[in-house]
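Asker: give me a 3D structure for the following:
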Amino acid sequence: MPLLQDILILLVFSVVIVFVLQRLKLPSIIGFLLTGVIIGPYGLSLIKAVEQVEILSEVGVILLLFVIGMELSIKQLVSIKKTVFIGGFLQVGLTVGVAGLVYHFLGNSWNESVFVGFLFSLSSTAIVLKTLQDRQEISAPHARNALAILIFQDIIVVPMMLVTPMIAGESTDVTKDILMLLVKSAIVVVLTYISARYIVPKLMHAVAKTNSKELFLLVTITLCFAIAFLTAEIGLSLALGAFIAGLIISESEYSHQATSIILPFRELFTSFFFVSVGMLLDLSFFLSNIPIILLLVFIVLILKSSVAAIAVATLKYPTKTAILTGLALFQVGEFAFILSKIGIEYNLLTPETNQYFLSVSIVSMLLTPFVIMFSENIADKVLGVKRKLGLNRDVNPVDNDEVVEPSLDNHLVIIGYGINGRNLARAATASKIPFVVIETNAEIVKQEKAKGLPIIYGDATDVHILETVNLSRARAAVIAISGNTDTQNIIKKVRSISDSLYLVVRTRYVKETSEILALGADEVIPEEFETSIQIFEHILHNFLVPEGDIIQLIHKVRADNYQMFKGELKGPKTYRSSELADFNIKSLRMRSDSNKFLGKPLKELNLRATYGINILAIKRKDKLLESVQPDEIIKQGDIIYIQGAQSKVEAFYKLIN
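Answerer: The predicted model follows:
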């Protein structure tokens, strides 16, 4: 089978190349793209069934967008609607305009220039989101902005395809097609809401009740591909349909399980996608025109990053967030490849221009993980230049001076208003501790400010924002955001302002604890081991370990950076299990009305000698008899608290029932 042979070749080369790059600490996406270049038709020509591999790659894009949709929710998507439509429209519109003008001044016609603008306005949803996910930055402000703009690009690519024949001079009723598309899109939005609210949660619940993993997987995959297929049939993209499917499932309580079973398939098929992209690069053309191609890539980097940053800055996001968003979206995307085929069909692209376009696109994709990797440093340097020029004032959508009083002193600063930040704010309010919250989501800031919450809009990696909340006079600060990179940057900025501030940091994984402590955090709370502490605290209480010893043990575990849970430290031998085994306390209810223990004084029952148990207390209705006398009589309905070995307690339980 040619396809099976091609898949084997693809996987073998991918394993070898990705393994080497991982040893060099380079992103795996680079390995997949290089694999495609090497084994593709312009490389060693090892792959014969190129079209079949491209079909598998489409599955990868579908699964990637499906998982992204499940990790969001409709409420979260609504919260970034301004960025989707306003930011996305500005980014696409400005890029089309600027790129079109540049191409026109190079001596090309206006219709060709507008079409080239279309191509360069689109970014790579798959590569950007995969890279941000791998770096655990998908919930960061710049990642949310990038996602919002990418969603708009996925939507706008369909009207672009419809307009292309009109640009080429073909007589097509484009207006009618666009109106029909708008109507269909409105229907999709309504059906999405109804499905997410009423249909899918009930369906997933019914499937989950069967306890069949196979059925759960099949239903999840079916929903994904069915919705993707339906959206494609009405003229929208497969990727957008997959994203909508993910959003629908995200509204059910089974989205986490669905995500976990999809992830392995997503990783496999997205690797096919990146390999198929690499196959498009014509090595001979690239090598013979490499100076021009690299110059064009640099121009695209500056142009697209600047335009996207301007679009985000227009929405009054902090400068750093705008720069990071722009750098994430500088590359040319996979949907541009589909659009370019239509351009060739209508003679808007010459074969030579198309090769330049493909070369620039693929090189920009190859560079994307590196640009995102170093985007923090690039943004900091740009901000440094901006400060020297006296242009370092960010205009925020919230009037900070109305919220944060200049007299704030000895207060708490909460960075991030997610679940942890929200709960901490409630506890501070209940305890009458003065506090202020820093949050980058403009919608949340607006809503909470209306409720009277002391909250400001801003990026805490900016020293100016920290100074706005009077950090130098604060008593404590808590960093409760999910991005590890941003967390580390915030710690550095906090310590540059105050060395004495008590700083608590929430992190997801204990492996990040040491590095965060080294940067200057006083306490680090890793989510994965704090749950373990709560579990073993309950267990120790059950084993009657004294409260003081439990507190001491918990303190020691935290002080030693959770080494006990990692198998690197033996716990303190406060009690041996053998000492506790015979000291077991249980409560038993006397339900039977005819057992031999009812109506007789305890001294006649001789429970200790006969059954090996002691009665410590008796609860009768609402009264607790703590001092049980030998003359006390057990009655039906009593709850007796007995102590003895587990085997003795079990045997006694069987006797009374």
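Asker: and the average pLDDT for the helix or strand harbouring Gly60 is what?
Answerer: In this assignment (DSSP states H and E), Gly60 forms part of helix 50-71. Averaging pLDDT along helix 50-71 yields 77.
Asker: try stretch 472-485
Answerer: 85.
Asker: show residues contacting it.
Answerer: In this structure, residues lying in contact with stretch 472-485 by CB atoms under 8 Å, 6 or more residues apart in numbering are 135-137, 139-140, 376, 408-418, 420-421, 424, 460, 471, 487, 490-491, 494, 497-498, 501-508, 512, 521. Every residue, glycine included, has its C-beta placed from N, CA and C.
Asker: then the helix holding Gly60 to CSV, C-alphas only?
Answerer: Extracted C-alpha coordinates of helix 50-71, given in CSV (Å, rounded to 0.1, in the frame of the first residue of the first chain):
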residue,chain,number,x,y,z
VAL,A,50,1.2,13.6,-1.5
GLU,A,51,-2.6,14.3,-1.8
GLN,A,52,-3.5,11.6,0.8
VAL,A,53,-1.0,13.1,3.2
GLU,A,54,-2.5,16.5,2.7
ILE,A,55,-5.9,15.1,3.5
LEU,A,56,-4.5,13.7,6.8
SER,A,57,-3.0,17.1,7.5
GLU,A,58,-6.5,18.7,7.2
VAL,A,59,-7.6,16.3,10.0
GLY,A,60,-4.8,17.6,12.1
VAL,A,61,-5.9,21.2,11.7
ILE,A,62,-9.5,20.2,12.5
LEU,A,63,-8.5,18.5,15.7
LEU,A,64,-6.2,21.3,16.7
LEU,A,65,-9.0,23.9,16.4
PHE,A,66,-11.4,21.5,18.1
VAL,A,67,-9.2,21.2,21.2
ILE,A,68,-8.7,25.0,21.3
GLY,A,69,-12.4,25.5,21.2
MET,A,70,-12.9,23.0,24.1
GLU,A,71,-10.4,24.9,26.2
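Asker: starting at the chain centroid, how far to that helix?
Answerer: 18 Å (CA atoms, centre = their mean, to the nearest Å).
Asker: strands along the protein, start to end?
Answerer: 412-415, 435-439, 455-457, 476-479, 502-507, 523-526, 585-589, 614-620, 623-625, 639-643 (DSSP state E).
Asker: on contacts alone, who are the packing partners of the fifth one?
Answerer: Helices and strands in packing contact with strand 502-507 are listed as strand 476-479, helix 484-497, helix 513-519, strand 523-526; criterion 3 or more CB pairs under 8 Å, 6 or more residues apart in numbering; DSSP states H and E.
Asker: how close does the residue nearest to Ile167 when sequence neighbours are not counted sit to Pro165?
Answerer: What sits nearest to Ile167 in space, not counting adjacent residues and going by CB to CB, 6 or more residues apart in numbering, is Asn111, at 4.7 Å. In this view, Asn111 and Pro165 are 11 Å apart by CB to CB, to the nearest Å.
Asker: let me have the helices and strands packed on strand 502-507 in TSV, extended by distance to Ser271 and mean neighbour count.
Answerer: Compiled in TSV, the helices and strands packed on strand 502-507 are given as follows (distance: least, CB to CB, whole Å; neighbours: other CB atoms under 10 Å):
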stretch	distance to Ser271	mean neighbour count
strand 476-479	35	24
helix 484-497	25	19
helix 513-519	30	16
strand 523-526	31	19
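Asker: what sits against Ser79?
Answerer: Neighbours of Ser79 in contact, by CB under 8 Å, 6+ apart: Asn441, Glu443, Ile444.
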